[in-house]
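Novice: Following is a predicted model, sequence given first.
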Amino acid sequence: MTQSNDILRPGSAQELQAMIAAASGALAIEGSGSKAAWSRQTSQPTQSLTTADLAGIDFFYPAEMVVQCGPGAKLATLESELAAGGHRLAFDPPDYAALFGKPDAQPTVGGAIAANLAGSRRAYRGGPRDHLLGVQFVNGQGEAIKSGGRVMKNVSGYDLCKLMTGSWGTLGVLSQVTMKTAPLMEMRRTVVVQGLEEAQHLAALIAASRSPYDLVAAAYLPAGEAATLGFDASVSLLEIEGLEPSVLYRSEQIATLLAKTLTGQAPSCRNLDQEQSANLWRSIKDLAPVLGQPQCLWRLKPKPSDAAAVMAQLRARFDGPGLKMLVDWGGNLVWLASDQAISRADLAGLPGQKTQLIGSDDQPFEPLHPLQTELQSGIKRAFDPDGRLNPQRLYSDF
């Protein structure tokens, strides 16, 4: 157990419990601090507590597709360990450290789960909530709680795994997590689609996603954003993986499908190999095409069928040299970066949830309905009645 400059660093679950139980004021909870800038955090906790030293990998059983580790385990370290055993994290977490100006910070497992972050495979393979099997955590009263286990059927009663995922440390501090893993596939390939107008590119994402060819990721980059990744025009990107004969067949069928489905334009399709695909999708999930120093960065979640209209409206409202956009999750996620400040009010009328990652809006997270506020406040009181843990990190009401 260590403590310096008002930063508590528990080295075990028992020390974590003792520190929270003994805390006299509010605590700011973090892992590596890579996403510390993404919050409202209007209150000023008296102390910080980091789970960085709870970083051990307890076990990894490839045959059972399960791994257990501490919340402070670095994502890069865990992914290397899994890759050595022929596996990966199924929810493909992104690394936003560079985005928030902390390129040396190494994102942790606990941070990805607390923020419910998933990469480009989210729409096809699920997010942290779908792959978290068990959690151990300490609530605001210093009580140790365990939920779930090593297999899905162990989750009975209240599924606290789902409750903790996306709670941003406001309900409890993780001390241990157990997750499903996914085997690495023999081949991964990306179909690059060019020669289309924007609306047709987005129609290509929908058509490929609805096909029987089992995509694992689908994204669209306008020309300027595509240029940052080495493309000479706007692109739709469709990733597939599996056994080699299946991947080769499906990549051909996707190209044929798009040629038949998209009216008025003939798409140009080519394929990227294993290494090219890995580098490309790492850049997309980490938001490399919109990196820089934007005044604001918003995440919009429209229906895929609304994505083309949303992008057209965004251009009509905010067009300028500093405007950047990227579409992921098959059209279900639109990233908006701009050199001008954009508030939630400026986005009024656009469909889907809107979350601000960078900017000065006083409501970075989607406002809750009054009934949702009442429910969430009740949950907060049950787990953290004194409001010790990350107070007002998400909403001013709790």
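Specialist: Perfect, I can see it now. Nothing here was measured: the structure is a model prediction, and the numbers come from that model.
Novice: in stretch 342-355, what counts as buried?
Specialist: 342, 344, 346-347, 350, 352, 354 (16 or more other CB atoms under 10 Å). Where you see a C-beta, it was placed from the backbone N, CA and C, and this is true even at glycine.
Novice: Of those, which is the nearest to S24?
Specialist: R344 (35.5 Å; CB to CB).
Novice: can you list the residues that contact the helix or strand harbouring A309?
Specialist: Following DSSP states H and E, one finds A309 within helix 307-318. When contacts are defined by CB atoms under 8 Å, 6 or more residues apart in numbering, helix 307-318 is touched by residues 198-199, 202-203, 205, 300, 302, 323, 325, 327, 331-332, 334, 336, 338, 340, 342, 346, 349-352.
Novice: next one: stretch 207-218
Specialist: By CB under 8 Å, 6+ apart, stretch 207-218 touches 119-121, 123-125, 188, 191, 205, 236-242, 250, 253-254, 257-258, 261-262, 281, 284, 304, 328-331.
Novice: Output it in CSV, but only the C-alpha positions, please.
Specialist: Extracted as CSV, the C-alpha positions of stretch 207-218 are listed here (Å, rounded to 0.1, in the frame of the first residue of the first chain):
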residue,chain,number,x,y,z
ALA,A,207,-25.5,-3.6,-47.8
ALA,A,208,-22.3,-5.4,-46.8
SER,A,209,-23.4,-5.5,-43.1
ARG,A,210,-26.7,-7.0,-44.0
SER,A,211,-25.2,-9.6,-46.3
PRO,A,212,-24.4,-13.2,-45.2
TYR,A,213,-20.7,-12.6,-45.5
ASP,A,214,-20.0,-12.0,-41.8
LEU,A,215,-18.2,-8.7,-41.6
VAL,A,216,-16.2,-7.9,-38.4
ALA,A,217,-15.8,-4.2,-39.1
ALA,A,218,-17.1,-1.6,-41.6
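Novice: Let me know the average pLDDT across that stretch.
Specialist: Stretch 207-218 shows a mean pLDDT of 96.
Novice: Equivalent analysis for stretch 108-115, please.
Specialist: In the prediction, stretch 108-115 has an average pLDDT of 94.
Novice: where does it sit relative to the chain's centre, distance-wise?
Specialist: On the basis of CA atoms, centre = their mean, to the nearest Å, stretch 108-115 sits 9 Å off its chain's mean C-alpha point.
Novice: so where's the stretch 101-250 of the chain shaky on pLDDT?
Specialist: 150-158 (pLDDT under 70).
Novice: do that again at 50, thanks
Specialist: Along the stretch 101-250 of the chain, segments meeting pLDDT under 50 span 155.
Novice: one step back: quick check on the contacts of stretch 207-218: which are buried?
Specialist: 119-121, 123-125, 188, 191, 205, 236-242, 250, 254, 257-258, 261-262, 281, 284, 304, 328-331.
Novice: Among those residues, which lie within strands?
Specialist: Using DSSP state E, the members of the buried ones among the contacts of stretch 207-218 that fall in strands are 188, 191, 236-242, 328.
Novice: Closest one to T181 out of those, please.
Specialist: E241 (15.1 Å).
Novice: In this structure that closest one contacts L248, no?
Specialist: No. At 11.7 Å, E241 does not count as touching L248 under the criterion of CB atoms under 8 Å.
Novice: Quick check: neighbours shared by those two?
Specialist: 187, 189.
Novice: Among the contacts of helix 307-318, name the ones in strands.
Specialist: 300, 325, 327, 334, 336, 338.
Novice: Helices of the stretch 51-200 of the chain, residue ranges please.
Specialist: Applying DSSP state H, counting those that start in this stretch to the stretch 51-200 of the chain gives helices spanning 75-84, 109-114, 122-125, 128-131, 160-164, 198-210.
Novice: highest average neighbour count across those helices?
Specialist: helix 109-114 (a mean of 29; mean count of other CB atoms under 10 Å).
Novice: still on that earlier bit, F383: which of the helices of the stretch 51-200 of the chain is closest?
Specialist: Nearest of the helices of the stretch 51-200 of the chain (CB to CB): helix 160-164, 8.5 Å.
Novice: What is the closest one packed up against?
Specialist: strand 132-139, strand 144-148 (3 or more CB pairs under 8 Å, 6 or more residues apart in numbering; DSSP states H and E).
Novice: Could I get the buried residue list for the shortest one?
Specialist: Same thing as strand 144-148. 144, 147-148.
Novice: The residue nearest the centre of the chain: what's it in contact with?
Specialist: The centre of the chain sits closest to L117, judged by CA atoms, centre = their mean, with a distance of 2.2 Å. Counting by CB under 8 Å, 6+ apart, L117 touches 93-94, 96, 111, 127-128.
Novice: what's the burial count for F137?
Specialist: Per other CB atoms under 10 Å, the neighbour tally for F137 reads 27.
Novice: Wait, it touches T170, no?
Specialist: No. Under the criterion of CB under 8 Å, F137 makes no contact with T170, lying 11.6 Å away.
Novice: Can I get the buried residues of stretch 342-355 in JSON lines including pLDDT?
Specialist: Formatted as JSON lines, the buried residues of stretch 342-355 follow (pLDDT from 0 to 100):
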{"residue": "I342", "pLDDT": "93"}
{"residue": "R344", "pLDDT": "93"}
{"residue": "D346", "pLDDT": "94"}
{"residue": "L347", "pLDDT": "95"}
{"residue": "L350", "pLDDT": "95"}
{"residue": "G352", "pLDDT": "92"}
{"residue": "K354", "pLDDT": "95"}
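Novice: could you give the angle of the longest strand along the chain to strand 132-139?
Specialist: Taking DSSP E as the criterion, the chain has its longest strand at strand 172-183. With axes from the mean of the first three to the mean of the last three CA atoms, to 10 degrees as the basis, strand 172-183 and strand 132-139 are set at 170 degrees to each other.
Novice: helices and strands around strand 172-183, which ones?
Specialist: So strand 172-183, by 3+ CB pairs under 8 Å, 6+ apart, packs with helix 13-22, strand 66-69, strand 87-89, helix 109-114, helix 128-131, strand 132-139, strand 144-148.
Novice: Relative to A226, which of those is closest?
Specialist: Short answer: strand 87-89, nearest of the helices and strands packed on strand 172-183 by CB to CB, at 26.0 Å.
Novice: got a list of contacts for that closest one?
Specialist: Contacts for strand 87-89 (CB under 8 Å, 6+ apart): 60, 62, 65, 67, 75, 78-79, 82, 131, 179, 181-184.
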